[in-house]
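Enquirer: Structure, please.
(chains A and B)
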Amino acid sequence: MKLRATLGYTAAAITVLIALLTPFLLMGLFSKGFVALGFHVDEMYSGGPKVRAIPMGAYSIDVHRPVYPHMLQSEKPFVQLDWQPVSALPQHVSDAVDVDGDGQPDIRVSFDVPKDPKAPLRVDVDSLNPRYETMRNAGKEKYSRLIVRVDKAILVRVPLVKP
Amino acid sequence: MATDVRTLPLARPEPRGILRSLLLTLPILIWSLLMFFNPGSSTAPIRRIAAAITVLFMTSLFFMMMRTRSTYRWRRIFFVSLGILFPIGFIYNLILMRGSMGIPVEEMIAGRTPFCFMPIPFLILPAALTRTLVFPGSIASSSHGIAAMVALWLALTLVMGKGWCSYACFFGGIEEGVAAIPARAKIRKLDPRLRYVPWAVLLAMVLLSLAIFEPAYCMWLCPFKAVTEYVAARNALGLVQNVIFVLLFAGLVIVLPFLTKKRTQCSWFCPFGAFQSIFNKISIFEVKIDKERCKPCLLCQNACPNLSLSKESVARGETLLSCMKCGACVDVCPRQAIVWHIKGTQIAWKPERARLMFLYSAWALAVMFGGSIIAESVYTILHFVV
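Expert: You can find the predicted model right below:
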């Protein structure tokens, strides 16, 4: 009983110490430890890693790796393309894009670039390769099918046709 | 049959002397000054005033805990203040940053959704199986990042176990405040089986989050979306989600606490609370009942805001797993049979020592976390007033 009580008080003292060390040491340690576990935010949100950039003169198009949904996720697979910087884009963009890097254009993407950064965006995508879906006047209805402005880039997500 | 409490000998604790109470409060005063007036803190006058108000507030409450030897009513003042002030500061910052409480899809894609602690249980399975965090935030970017909040939660949980729900949760104070308004409960008979609902919600949401790869609770059921941020209603589905948030908030956080004088959302619904209950098993501090002193009047059961005491648990001399360590039962017991306890030690042997050790650690973290939220919200209010 005495040993158990000693252990109890020791644990209680350690707990007080943990509380006192939390803002100065433990928060940072735990936070770094969590980062070191190597988790990543779901690509349905982040759009997946960039695989290459296509120079278009004053601006460029970043092509991301295709994203595939997990389990019962209610989205289609998609590929994200970033037009940036927005300041270098013409008033109307209409670009044929080689998404898969085989030297042949896969889609033609057309959208207007309003001066007001909060103005809603709409995009048309013509499929030149049956792997990619056509989009007409799309806004931001779904994660896999949208056009949005994020900071200095305009992001377009084009759904892939399921094999 | 419950004993008539009027026949029980009252044994209220004597107030502590002012000087001794001040001495016991001194470490918390020094800690609070360290938290809010360290070399890295802002020197802007309004920020300093907000920090000074917070230090005074948190230190005074701790002093009263020491002086009166009671915990619950002083903790409740802090907790209700936190629950009221958190949405003020949070919503103000949202409006400032994005002009709305709704999270636009652009913010989610940019990883700028602030991470609160609620989704933690729902991230575990997808992260374990695919190394993917199903939340539209950033991992390491800022104090609102996922890593920072997980680290904070882990440290506080190691210290308090489910005490998180009484000293850290910035949502629970709203319903605790509402429950404090009426003098008597309008609904007294509460079905004890409702205690199991949070576990069912937890299980359902954990599995659903894995299946649909979304934080399902945040997307569909969190009542506090009504007073923080919600998914901007881009379509009919979004509108339905927001209606659900408002209805759950009105029912579980306003109406039912008012009628029952209980924290009904925490007791009957909150899956995070159920998840947090598991950590009461590893927490060294707990609340116990001295069976020799207890004449089961069940005042404690009535006083518990979280339905964490039952006739059976009182007979066993312990609280249920869901105990939030708020101190309501300890303070209300006329025979001082309910005590703060350190695991491994003899029950009711120097319970004030156990209380002090728990309160120093819990209050230190409450100052650090809840105190900083209060200071930020006081700053927001002062910013408008001055």
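
Enquirer: low-confidence ranges in the stretch 1-150 of chain B?
Expert: Counting by pLDDT under 70, the stretch 1-150 of chain B shows low-confidence ranges at B:1-11, B:142-143.

Enquirer: Which parts of it are strands?
Expert: Per DSSP state E, counting those that start in this stretch, the stretch 1-150 of chain B carries strands over the ranges B:102-103, B:132-133.

Enquirer: Tell me which of those lies nearest to chain A.
Expert: strand B:132-133 (5.0 Å; Cβ to the nearest Cβ). Backbone N, C-alpha and C define where each C-beta goes, glycine included.

Enquirer: helices or strands up against that closest one?
Expert: In terms of contacts (3 or more Cβ pairs under 8 Å, 6 or more residues apart in numbering or on different chains; DSSP states H and E), strand B:132-133 is packed against strand A:40-41, helix B:120-130.

Enquirer: With distance to B:Phe245 and mean neighbour count as extra columns, can I get these in a markdown table?
Expert: Listed next are those as a markdown table, based on distance: least, Cβ to Cβ, whole Å; neighbours: other Cβ atoms under 10 Å in any protein chain shown:
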| stretch | distance to B:Phe245 | mean neighbour count |
| --- | --- | --- |
| strand A:40-41 | 23 | 16 |
| helix B:120-130 | 16 | 18 |
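
Enquirer: Could you export those to TSV, including columns for distance to A:Asp102?
Expert: Formatted as TSV, the helices and strands packed on strand B:132-133 follow (distance: least, Cβ to Cβ, whole Å):
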stretch	distance to A:Asp102
strand A:40-41	28
helix B:120-130	29
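
Enquirer: Could you point out which of those sits nearest B:Ala232?
Expert: strand A:40-41 (19.3 Å; Cβ to Cβ).

Enquirer: I'd like the mean pLDDT over the closest one, please.
Expert: Averaged across strand A:40-41, the pLDDT comes to 95.

Enquirer: Model confidence for B:Met219, exactly?
Expert: 89.

Enquirer: chain center to the helix or strand hosting it: distance?
Expert: Per DSSP states H and E: B:Met219 is located in helix B:216-220. Once both centres are worked out by Cα atoms, centre = their mean, to the nearest Å, helix B:216-220 turns out to sit 20 Å from its chain's centre.

Enquirer: May I have that helix exported as PDB, CA atoms only?
Expert: Output of helix B:216-220 as PDB, limited to C-alpha atoms (Å, rounded to 0.1, in the frame of the first residue of the first chain):
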ATOM      1  CA  ALA B 216     -18.100  13.200 -40.800                       C
ATOM      2  CA  TYR B 217     -19.000  14.700 -37.400                       C
ATOM      3  CA  CYS B 218     -17.700  18.200 -38.400                       C
ATOM      4  CA  MET B 219     -19.500  18.000 -41.800                       C
ATOM      5  CA  TRP B 220     -22.900  16.800 -40.400                       C
END
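
Enquirer: ok, back up a step: could I get the strands of the stretch 1-150 of chain B in a markdown table, plus columns for mean neighbour count?
Expert: Listed next are the strands of the stretch 1-150 of chain B as a markdown table, based on neighbours: other Cβ atoms under 10 Å in any protein chain shown:
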| stretch | mean neighbour count |
| --- | --- |
| strand B:102-103 | 18 |
| strand B:132-133 | 22 |
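
Enquirer: any chance of the ones you listed in a markdown table, plus distance to B:Leu247?
Expert: Shown next, in a markdown table, are the strands of the stretch 1-150 of chain B (distance: least, Cβ to Cβ, whole Å):
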| stretch | distance to B:Leu247 |
| --- | --- |
| strand B:102-103 | 18 |
| strand B:132-133 | 29 |
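
Enquirer: one step back: and the helices and strands packed on strand B:132-133: which comes nearest A:Gln80?
Expert: Here strand A:40-41 is closest among these (Cβ to Cβ), at 13.7 Å.

Enquirer: any idea which helix or strand comes after that closest one?
Expert: Counting by DSSP H and E, what follows strand A:40-41 is helix A:43-46.

Enquirer: Just the pLDDT at whatever residue of chain A ends up closest to chain B, thanks.
Expert: Going by Cβ to the nearest Cβ, chain B is nearest to A:Gly8 of chain A, at 2.8 Å. pLDDT for A:Gly8: 95.

Enquirer: Find the nearest non-adjacent residue to it, please.
Expert: B:Gly344 (2.8 Å; Cβ to Cβ, 6 or more residues apart in numbering or on different chains).

Enquirer: was I right about the one you found contacting A:Ala5?
Expert: Yes - the criterion here is Cβ atoms under 8 Å, and B:Gly344 meets it with A:Ala5 at 5.6 Å.

Enquirer: Tell me which of the two has more neighbours.
Expert: Legend: neighbour count by other Cβ atoms under 10 Å in any protein chain shown for B:Gly344 and A:Ala5, higher for B:Gly344 (18 against 15).

Enquirer: Next one, pLDDT for the more buried one please.
Expert: The model's pLDDT for B:Gly344 equals 94.

Enquirer: what's the neighbour count on A:Ser31?
Expert: Neighbour number of A:Ser31 under other Cβ under 10 Å is 23.

Enquirer: now the helix or strand encompassing B:Ser313: how far from the chain's centre is it?
Expert: Using DSSP H and E, B:Ser313 sits within helix B:311-316. Computed by Cα atoms, centre = their mean, the chain-centroid distance of helix B:311-316 equals 25 Å.

Enquirer: With stretch B:348-366 instead?
Expert: 17 Å.

Enquirer: can you tell if that stretch touches chain A?
Expert: Yes - with Cβ under 8 Å from any Cβ of the partner chain as the criterion, chain A is reached by stretch B:348-366 at B:Ala354, B:Met357, B:Phe358, B:Tyr360, B:Ser361, B:Ala362, B:Ala364, B:Leu365.

Enquirer: in what helix or strand does the second one lie?
Expert: What it means is B:Met357. Going by DSSP H and E, B:Met357 is in helix B:351-368.

Enquirer: hmm, back to that, just the closest of the residues of stretch B:348-366 next to chain A to chain A, please.
Expert: B:Ser361 (3.6 Å).
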